[in-house]
Structure formats: structure tokens, C-alpha cells
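>>> sequence first, then the predicted structure, then my questions.
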Amino acid sequence: MKGYLANGLFSIGDRYVNEQLAKAIREAVPEIDLYVPQENAAINDKTAYANSEIIAEADLSKLEESDFLIAVLDGVEVDSGVAAEIGAFSMLKRPIVGVFTDTRQQGRDNQKKIDALIEDGLENQFVYRNLFLVGLIKRNGEITSSLEEAVEAVLEIKNKRI
């Protein structure tokens, strides 16, 4: 089984999340061939050179080979590269697992938060993600709220293939 892990890769936080998520998936599914773009030094060694077409071709070829995409949706906005990877991969109609760990998901049933939002839209205690992007993920997959849930979703994909 082949997978592709999409997330930003330029900050220490993103790289750490990628390392931890990749490690957890590889431990849960030892036979997996998991592509993590930050591990591809040919295009992501920033002391070297790779132009936009080389980067696009490298990542698109790995997306096309993959049985599933796991995409981290955290941050102020979804990373633009991740959004592009989700869009491209969704056309293959293969499973996508979104990973969205933002703590503002908690308390969605808190009536005070709902009332505050209704009274003043700027008192938004919740979080927004682009609905087109969310829809692309939900068409063939799911959005999880932790790294552990994401690994479980990958295991479910694996078990459906057996």
C-alpha cells in the first residue's frame, strides 16, 4: 500500500508533526510505502535547486501512485501546497484522510458560544475551513481530529484493501 502525507514543511512545527505522523503510520502499517515530501531531498533540500516544474512533477507522480492521501489541515489557513495536493488527489477518487487538530473544535455544543456567534459574528469561538476543500475530502474520506484517529483511518483503508 502506498500513501502520501501532505503538510507544510518549512517550519519546525510542521516538520515535527510530519515526522511524528509518518512514524506512527509506519509503525501501524510496517509494509507501507509512505511518501513524505520533506524526506525527498531532491526537491526539498533548500540549499540545492529545484524549480516549480520539477517540484510539481515529483509530487504529482507520487500522488498518482498513492492509494490514499493523508493531509494535515492545521494552521491559520490550510497550507496552499496541501490544498493543491488535495485538489489534485481528489480527482483520482481515492481515500483522503484530513487531520485537523485545532482545539477550537471543542465545545461545539456550548450554547453560550453559539449565542455569542449569533449575536455578533466577530465573537466566533469556532474555526473555519474552506468548504470546497472540506467537501473534496469528505467525498472519498474523512476528517479526523488527532494523529491517533488519522492512523486508525489509515488502518481502516488498509483493511478495506485486504
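Everything's here; your move. Here the structure is a predicted model, which is why all the values come from computation and not from measurement.

>>> any regions of the protein where pLDDT drops low?
Scanning the chain for pLDDT under 70 picks out the ranges 162.

>>> give the residue farthest from the middle of it.
Relative to the centre of the chain, the most outlying C-alpha is that of residue 119, 33.2 Å out, by C-alpha atoms, centre = their mean.

>>> which residues in the protein form helices?
Taking DSSP state H as the criterion, the chain carries its helices at 12-28, 41-44, 52-65, 80-90, 111-119, 131-140, 147-161.

>>> distance to residue 3 for these - can I get that in CSV?
Quick note: C-beta positions are derived from backbone N, CA and C, even for glycine. CSV is the format used below for the helices of the chain (distance: least, C-beta to C-beta, whole Å):
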stretch, distance to residue 3
helix 12-28, 7
helix 41-44, 18
helix 52-65, 10
helix 80-90, 11
helix 111-119, 36
helix 131-140, 14
helix 147-161, 7
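
>>> pick the most buried one from these.
Of the helices of the chain, the one with the most neighbours on average (mean count of other C-beta atoms under 10 Å) is helix 80-90, at a mean of 18.

>>> between helix 52-65 and that one, find me the angle.
Interaxial angle of helix 80-90 relative to helix 52-65 (axes from the mean of the first three to the mean of the last three C-alpha atoms, to 10 degrees): 40 degrees.

>>> residue contacts, the most centrally placed residue in the chain?
By C-alpha atoms, centre = their mean, the chain has its centre lying nearest to residue 71, at 1.1 Å. Residues near residue 71 by C-beta atoms under 8 Å, 6 or more residues apart in numbering: 5-7, 82, 85-86, 96-99, 137.

>>> who are the contact partners of residue 133?
Contacts for residue 133 (C-beta under 8 Å, 6+ apart) come out as 73, 78, 83, 86-87.
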